[in-house]
Structures are given as C-alpha cells and as structure tokens.
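Engineer: How does the following fold in three dimensions:
(one chain, ligands or ions: 1)
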Amino acid sequence: MILRQAPWGAPIAVADAHVHFFSHRFFETLAAQKPGLTFDSLHWQMPPERPEDLANIWAHELDRQGVARAALIASVPGDEASVIQAAAAFPDRFFAYAMVNPQNWQPSGISAACLFPAMHRYSIQSDSALRVFDWARENHKVVFVHCGVLSVGVRKKLGLDSLYDMRFSNPIDVHAIAMRYPEVPIVVPHFGAGYFREVLMLADLCPNVYLDTSSSNQWMKYQESHLDLRQVFRRALDTVGPKRLLFGSDSSYFPRGWHHQIFDQQAEALYELGLSASDAQSIFAENLLRILPR
Ligand SMILES: [Zn+2]
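Structural biologist: Next comes the predicted model:
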C-alpha cells in the first residue's frame, strides 16, 4: 500500500473520497452549453481524449503524493463512461463516482451515484431520486447527496449560468430517505456546506450517513459564531465519531493536481485535537474502503 507522511509519526494510507475527474467529455459538455466557449482563460491543462490516459496522469500524481486510492467523480451528467473506464484501467486505485440527474438516468456500473438536488432542481424525496436509492440497495452502492451552498468554480470562471434552487439543499430532507434505506451508505460532502447543525442532526439520527471533509470548507463563514477547522472536527467527532468521517480533498484540475494543502491542514487540525493514529487511519482511508463495494 502506498503511504503518505502524516503528523502521527508513521506514514498513513490515504484514500481520497472526493476528486473531480474533469474528462474530455466534461469539457465537451460545457462547451455545448455556450456558443463560442473556450477554456484558455482557465489556464488549465486540458485532459487527453481517452479517459484511461487522464486516469494514468492521476495515477502518477497520486504516486507522487503518496495517495493510495481515490474516488473519481464524473462531474456532469452523462459522463459516467469516463470514470468507469478510468476505474477499469486502474482497479486497485480508483472508484467510479458520477454526478447523475435521476430525472433522466439509466443505472450503470458506477460505485456511487452523486445527487445534486439543488443543481438539477428536484426533491431528494421525489420518485426519481428514490429509484437511485433502490438501485443502491439492490447493488450495494453508495449514494452521495450534495447539500448546502453549491458554487461550481469552473462554471463561474467561464461565465456559465448556474440556475440552482437552494430549497432542495437542506440535509433535513435526507432524513426520511436515510431511515427508509438503512443499508445504503449516504455521503454528504463538505460537512453539509453551511448546514453544519442540520447535517449533524441527520447523522446523529441515521447511522448510514457519512460526512466528507472535502474542500477548503468556506461555509464556515456562515456560522453565527466563529468556527475553525479544528472546532468543526471536534464537533463532528463528538456527534458522528471517527468511523463516519471520510477525508476528501475536492481536487480537480491540472497543473494543480492533488490538492495536498487540504490534507495537510486537516491532518494538522486532527492531530492537534489529539486524535489517535488509528482513528486518523479510519478517517483518511479505512472508512471509505469499508463502505465501497469491492
Ligand atoms: Zn467537489
């Protein structure tokens, strides 16, 4: 197993629960949304056409960073084939996650379906969303539900419309579904992205709810009293415990590659809280590997 240096002394295994796979198809899909759109202004390295080749670039980057495994998220509906091919090319390395719009989705070979109810403007309690949970229950898959504030950096930079509807973003709406599908692991990213209290309530009541720690967690600015990363982890650990937190970086593009600062900050915060090396190993890898189908 590939290991990464961490504050606990001995290096640890890292399995990143949240990496965006910005495939060729992803950019093609964005380009089709606005006539004349080009990507030069991003100053990003454009991906090779074949998903296997982009997967290979990611594999090298993760080798360099000491990251053993990663969930790769196809980040527009209709791009599932890219992550399925990436995971097939490196089965010991990648898990295929994909953003799906359940209102027009056919089940495929992904490990996790990522729902963005506010983006696609539907209720998580609608029949179409329930179909995704049925699929997950029958096939031992994971469902990821984005809640809270949603701002897609690449769309903003490119001036693409983001006609979302935040009414569909409250983690409280996930409660009834999580209770109805207790076998299905449900991952809420970014600690609920602004709904910290609500996501803790949800996770406290539903043992199948997991929180991903990914991104710079800018939502902390919405808290009525100041919170820093250490306090966020303290409260999450007090309520949810170390077995239901999943480390994620929210990495996405090259040349930046794997966003190691996110790991460094989170590892430092957890170390300062006095988290044990074995609990750190749970959060940084084991919890994700336990809930994903192998
Ligand atoms: Zn993300």
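Engineer: Tell me where the stretch 1-150 of the chain has strands.
Structural biologist: 15-21, 69-74, 94-99, 112-115, 142-145 (DSSP state E, counting those that start in this stretch).
Engineer: closest one to D238 among the ones you listed?
Structural biologist: With Cβ to Cβ, the closest approach to D238 among these belongs to strand 15-21: 21.0 Å. From N, CA and C alone the C-beta is placed, and that goes for glycine too.
Engineer: Check which helices and strands that closest one sits against.
Structural biologist: Using 3 or more Cβ pairs under 8 Å, 6 or more residues apart in numbering; DSSP states H and E, the elements in contact with strand 15-21 are helix 51-65, strand 69-74, helix 80-89, helix 287-291.
Engineer: Now render these as CSV, adding mean neighbour count, distance to V100 and mean pLDDT.
Structural biologist: Formatted as CSV, the helices and strands packed on strand 15-21 follow (neighbours: other Cβ atoms under 10 Å; distance: least, Cβ to Cβ, whole Å; pLDDT from 0 to 100):
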stretch, mean neighbour count, distance to V100, mean pLDDT
helix 51-65, 18, 17, 98
strand 69-74, 27, 9, 98
helix 80-89, 22, 7, 98
helix 287-291, 20, 18, 97
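Engineer: closest to M119 out of the ones you listed?
Structural biologist: strand 69-74 (13.3 Å).
Engineer: Okay, now the sheet partners of that closest one, with direction.
Structural biologist: strand 15-21 (parallel), strand 94-99 (parallel) (DSSP bridges).
Engineer: now the first one, how far from the chain's geometric center?
Structural biologist: So that's strand 15-21. Its chain's C-alpha centre and that of strand 15-21 lie 6 Å apart, by Cα atoms, centre = their mean, to the nearest Å.
Engineer: cool, and stretch 148-164?
Structural biologist: Centre to centre, stretch against its chain (Cα atoms, centre = their mean), the figure for stretch 148-164 is 17 Å.
Engineer: same deal with stretch 60-78?
Structural biologist: 11 Å.
Engineer: if we can go back for a sec, name the stretch from the strands paired with strand 69-74 that approaches Q261 most closely.
Structural biologist: Comparing the strands paired with strand 69-74 by Cβ to Cβ, strand 15-21 comes nearest, at 13.3 Å.
Engineer: among the strands paired with strand 69-74, which is the most enclosed?
Structural biologist: strand 15-21 (a mean of 27; mean count of other Cβ atoms under 10 Å).
Engineer: Show residues contacting that strand.
Structural biologist: The set of residues external to strand 15-21 that reach it, using Cβ atoms under 8 Å, 6 or more residues apart in numbering, is 51, 54, 58, 62, 67-75, 79, 82-83, 86, 187, 189, 212, 214-215, 246-253, 258, 284-286, 288-289.
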